[in-house]
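In: My questions are about this predicted structure, shown below with the sequence.
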Amino acid sequence: MIVVVDDDEDIREALVDMLTEQGFRTHGACDGLDAMHKLEHLNPDLVVLDYRMPRMSGSEFVRAMKAQGRVVPIVLVSAAREVAQLAATLGIKHFLRKPFDFDELLASIEAALVR
């Protein structure tokens, strides 16, 4: 199961719909805080995580997950030019710069799930 965390409702819903069509069980979350609440009830195989969000950013979400001892693969997505540096700082190996191609996202998800 994949949790898609993005404050842009259109992007979040599009990704949830496309991943569901690919056969993944998928849930959406509007920001890191919403995702943390969902993780209380869900045990995701992967998180697709936006970086810049209100209430709880991507980096705050990663720190909160680590503080709880959760180890879940993450694909970081961001429009920031420095997305590679952001991912490295957070210890995230898989990342994409927005806008990205859906096939690129699928490839990143598959690579992250193999780990």
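Out: Ah, there it is.

In: Now do the SS call for the residue nearest to Met65 when sequence neighbours are not counted.
Out: Distances taken as C-beta to C-beta, 6 or more residues apart in numbering put Val72 closest to Met65, at 6.6 Å, once the chain neighbours are dropped. For the C-beta atoms, the positions are set from N, CA and C on the backbone; glycine is no exception. Three-state assignment for Val72 (DSSP: H, G, I helix; E, B strand; the rest coil): coil.

In: ok, now how distant is Val72 from Leu42?
Out: Plainly put, Val72 is 10 Å away from Leu42 if you go by C-beta to C-beta, to the nearest Å.

In: Which other helices and strands does the strand or helix carrying Ala111 contact?
Out: According to DSSP states H and E, Ala111 maps onto helix 102-114. Helices and strands touching helix 102-114, by 3 or more C-beta pairs under 8 Å, 6 or more residues apart in numbering; DSSP states H and E, are helix 9-21, strand 46-50, strand 74-78, strand 94-97.

In: by contact count, what packs against the shortest one?
Out: The elements that strand 94-97 packs onto, with contact taken as 3+ C-beta pairs under 8 Å, 6+ apart, are strand 74-78, helix 83-90, helix 102-114.

In: And the contacts of it?
Out: Residues from elsewhere that reach strand 94-97 (C-beta atoms under 8 Å, 6 or more residues apart in numbering): 73-81, 83-84, 86-87, 104-105, 108-109, 111-112.
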